[in-house]
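**Q** Pasted the sequence and its predicted model underneath.
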Amino acid sequence: MDLKSNHASPVLADPPPLSKSRLGGVHTSLLPYSTPGAAFPGSLYLTIPRKKNVLDDVRSSSWLDAMKASSPPHRKITKDVNNESGATDADISYHTWMVKYPSALTSFEQISNYAKGKRIALFLDYDGTLSPIVDNPDCAFMSDAMRAAVKKVAKHFPTAIISGRSHDKVYEFVKLNELYYAGSHGMDIMAPVIQTINDDQRNCFKSTDKKGKAVNLFQPAAEFLPMIREVFKLLVESTKDIEGAIVEDNKFCVSVHYRNVDEKSWPAVLQCVHEILKDYPRLHLTHGRKVLEVRPTINWDKGRAVTFLLESLGLSNCEDVLPIYIGDDRTDEDAFKVLREGNQGYGILVSAEPKDSNAFYSLRDPSEVMEFLKSLVIWRKSSAL
């Protein structure tokens, strides 16, 4: 499915389709500061065109339009003759949109019927899914009620959180040892040691979780870490005079938040990022919800993270497995797409605004996500009787 204007942003490169051996060849011997022309596996390197004039590049690639598109539209009130309180154009548009992406709550019976006799694997985004979107990314705390719901659902199904934040930050917010965590859009994964990982062992090593349980840590972009740290420092310095700009170190990616920046200063934020990236052709820029993200140029995203975790759990290529992924951002589309194209499971988009998506179902906000998780637990308990 082609993503349209109100859910898409400029995509600089798309990963190739995933085959059954979807995780092979991730490691490369290329060091972050290797000389130009060094060998680099073509399947992993994303070629990004560079232009001499950064402002021309900004305008031609519609990055400013994408930044504006991430802001929710103003709700225009229109009179409904059948409703004295009035209805909004946004409400009408949303209800029309839900015909294509029905609520996962009202469709729960359909989902649970399909799940009968299957093992559910649950994947969750964090910001905007388990916690509300807030102005300060350091204050995106999940509620105690949500934590309890996630804890209960993890007792019945293998559950992972896949976030753009660093692995450690997500854990500090969630504080649950029952889960698996994938930070930096899946470039920093903690997975169970259940079977041998058919991947380059230089990117995967054994460790222990908070309970001392053996786990695999998988970091396909480990060699980029020095470069990411360097760019983080440069971006902090470059944006320090832009009021409201926040640069976040997410270990294997750098997030530049402009949620609190006056819209007139958005071009300045974008200019800072592009000026720095001119000197780092092995990094590329992606766009999320009022955030610009700098990432390594490897074909790795949340979709491949889902694939890796399913393989780690011994649940890949199994007809009796139903993966469910719940997320709210453009970066979650990579996971939705993997599930849809593989006809493996369901993507559920969390959104109060109409957006084209690869998901099958929708939920309006984190409160509905919590109700869906509770419904899964109740269904599992009742089906076990």
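**A** Alright, I've got the coordinates.
**Q** shaky segments in the protein?
**A** For the chain, the stretches with pLDDT under 70 are 1-61, 63, 68-87, 192-216, 385.
**Q** Can you list the residue ranges for helices in it?
**A** Here the chain has its helices, by DSSP state H, at 54-60, 63-69, 89-100, 108-115, 144-156, 167-174, 225-238, 266-277, 302-312, 333-341, 366-383.
**Q** what comes up buried for stretch 347-364?
**A** Residues 347-351, 354-363 are the ones in stretch 347-364 that count as buried (16 or more other CB atoms under 10 Å). All C-beta spots, glycine's among them, are computed from the backbone N, C-alpha and C.
**Q** Next one: F232 from S238, what distance?
**A** 11 Å (CB to CB, to the nearest Å).
**Q** Kindly report the same for S357.
**A** Taking CB to CB as the measure, S357 falls 34 Å from S238.
**Q** Likewise for P354?
**A** Separation of P354 from S238 (CB to CB): 35 Å.
**Q** Give the burial count for L309, as a bare number.
**A** 25 (other CB atoms under 10 Å).
**Q** one step back: can you lay out the helices of the chain as a markdown table showing distance to Q219?
**A** Formatted as a markdown table, the helices of the chain follow (distance: least, CB to CB, whole Å):
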| stretch | distance to Q219 |
| --- | --- |
| helix 54-60 | 31 |
| helix 63-69 | 29 |
| helix 89-100 | 37 |
| helix 108-115 | 32 |
| helix 144-156 | 23 |
| helix 167-174 | 9 |
| helix 225-238 | 8 |
| helix 266-277 | 22 |
| helix 302-312 | 11 |
| helix 333-341 | 18 |
| helix 366-383 | 28 |
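**Q** which of those helices is buried the deepest?
**A** With neighbours taken as mean count of other CB atoms under 10 Å, those reach their highest mean count in helix 302-312, at a mean of 25.
**Q** packing partners for that one?
**A** Here helix 302-312 touches strand 119-124, strand 159-162, strand 180-183, strand 188-192, strand 321-327, helix 333-341, going by 3 or more CB pairs under 8 Å, 6 or more residues apart in numbering; DSSP states H and E.
**Q** and the angle for it with strand 188-192?
**A** Note on geometry: by axes from the mean of the first three to the mean of the last three CA atoms, to 10 degrees, helix 302-312 and strand 188-192 are set 20 degrees apart in direction.
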